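**Q** structure of the sequence below:
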Amino acid sequence: MKIIERTIILSCAAIFLFIVSKAVYNGVQSNRALIKPQSSNYYQIIDKDFNKTVDVPFTNINSYKGNADYIYMSIDQESPSFDNKIVQYNRKTQKYTTIFNSKFKMPSVQGVELNDTWLLWVDTDEHGGYLNPYFMDLKTREIQPLTKENEENVTNDFPILIGDYAAWIQKDRKDEKAQVMLKNLKTDETISIYDLNSYTNRNMNLSAKDGKILFTDEKGYFGYLYLYDIKSKEIKEFKSSYEFIGSARLLSDQQWVYLTFDAPTKSSTGEGKLIFYDASTNHTQEVVSEVLIVNTLYTDFNNQVFFSYNNDEYCRKLFHVKNNSLVEIEKFETPYIYGFSAENNIYIINQDLSDEKRKLIIQSELPN
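**A** Reported below is the predicted structural model:
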């Protein structure tokens, strides 16, 4: 079952994704205990921009995105399993409103995406048998299903937002073939933009920025990256020097990062890498090598890259682009992070301190 935050192990048989919801994106995080805490006020929301701290009766907050006025999040409030609601938290009043209740008896709501116009999330059960994505117009607050609900023959992976569009990977359960789908949320038009040659845990992610969608594929013993332009409907292909690649993240329409992996049939060698690529100069940079486990891989609205690996506090790095290369600028020192969001000019950190309440920290400046 795919969760937005995740831990990736580069191993002999597979890339193992550990569920974050009670145990870990959107984005590539560490494990949490599967035992549900019993406190009725287990979380604190700390908004440093407004200098406000408030206790909230949520056992868990798994997925979240924010803007200047609101934080939208999936939460566990008296759920028999995992997150069972989508709520809107008002940063000015510190009040929250329920937007959506899961339709499953044993729910696991997650996959929150947000931009200026739309809110997107996924409703599923604790086993991830069906993934039902929904979207809401922030102005009218009308909620609609993105795809047909509880489809028997199709698996819809976690969608992303890009302007007035949502993109996701859809797989046919019978023939195992997958394609990248694109839906205009205003007109309801849905098209397939690419048929994938392979579909694995490595390439189930999409990334979007400035009207472009980035995804990966594998064919003929090489990995490929594809950049789709929504406006022109053109797609560009970029061949990688590595065969097993994935988890690509756009920094700009010409620059991105991605991960390389061991061959699925090999024993784990710890030879995974973080790669930076500049399409304008055809420059490939091996940024980090000897990667066995990826704890987190995020990019933010300032085109910075946050990378944590090998379950080592000393292997937590922050990079930015300088002279067409990715350069380390400092270590990211905030401790005990198991979740992170950096979109719409808002940073949100989900922090787990074993002897304290869990904290959701909101701020517009990069924390130290």
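**Q** CA only for contacts and neighbour counts going forward, please
**A** Will do.
**Q** Lys231 contacts Asn184, doesn't it?
**A** No. Contact criterion C-alpha atoms under 8 Å: Lys231 and Asn184 do not qualify, at 11.8 Å.
**Q** what about these two, which has more around it?
**A** Neighbour comparison, Lys231 and Asn184: the larger count goes to Asn184, with 16 against 8 (by other C-alpha atoms under 10 Å).
**Q** neighbours of Ile86, how many?
**A** If we define neighbours as other C-alpha under 10 Å, then Ile86 has 26 of them.
**Q** now it: closest residue in space that isn't a chain neighbour?
**A** Once flanking residues are discounted, Ile86 sits nearest to Ser74: 4.5 Å by C-alpha to C-alpha, 6 or more residues apart in numbering.
**Q** let me know the pLDDT of that neighbour.
**A** Looking at Ser74, its pLDDT stands at 98.
**Q** again with Gln170
**A** Residue-level confidence at Gln170 comes out at 96, pLDDT.
**Q** could you report the neighbour count for it?
**A** Counted with other C-alpha under 10 Å, the neighbours of Gln170 add up to 22.
**Q** what sits against the nearest residue to Ser192 once chain neighbours are set aside?
**A** Spatial nearest neighbour of Ser192, chain neighbours left out: Met181 (4.5 Å); criterion: C-alpha to C-alpha, 6+ apart. If you count contacts by C-alpha atoms under 8 Å, 6 or more residues apart in numbering, Met181 has them with 167-170, 190-194.
**Q** which among those count as buried?
**A** Burial by neighbour count, 16 or more other C-alpha atoms under 10 Å: within those this picks out 167-170, 190, 193-194.
**Q** reformat these as TSV; add secondary structure and distance to Tyr134.
**A** Converted to TSV, the buried ones among the contacts of Met181 look like this (DSSP: H, G, I helix; E, B strand; the rest coil; distance: C-alpha to C-alpha, whole Å):
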residue	secondary structure	distance to Tyr134
Ala167	strand	12
Trp168	strand	12
Ile169	strand	15
Gln170	strand	15
Thr190	strand	15
Ile193	strand	21
Tyr194	strand	22
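**Q** what sits against Gly163?
**A** Listed by C-alpha under 8 Å, 6+ apart, the contact set of Gly163 reads 115, 117, 211.
**Q** and the pLDDT at it?
**A** We have a pLDDT of 97 for Gly163.
**Q** 6 is where my numbering starts, stick with that
**A** New numbering, starting at 6: the last item is Gly168.
**Q** hey, where'd the strands end up in the stretch 106-255 of the chain?
**A** Applying DSSP state E, counting those that start in this stretch to the stretch 106-255 of the chain gives strands spanning 115-119, 123-129, 136-142, 148-150, 159-161, 165-167, 170-177, 183-189, 195-201, 212-214, 217-224, 227-234, 240-244, 250-255.
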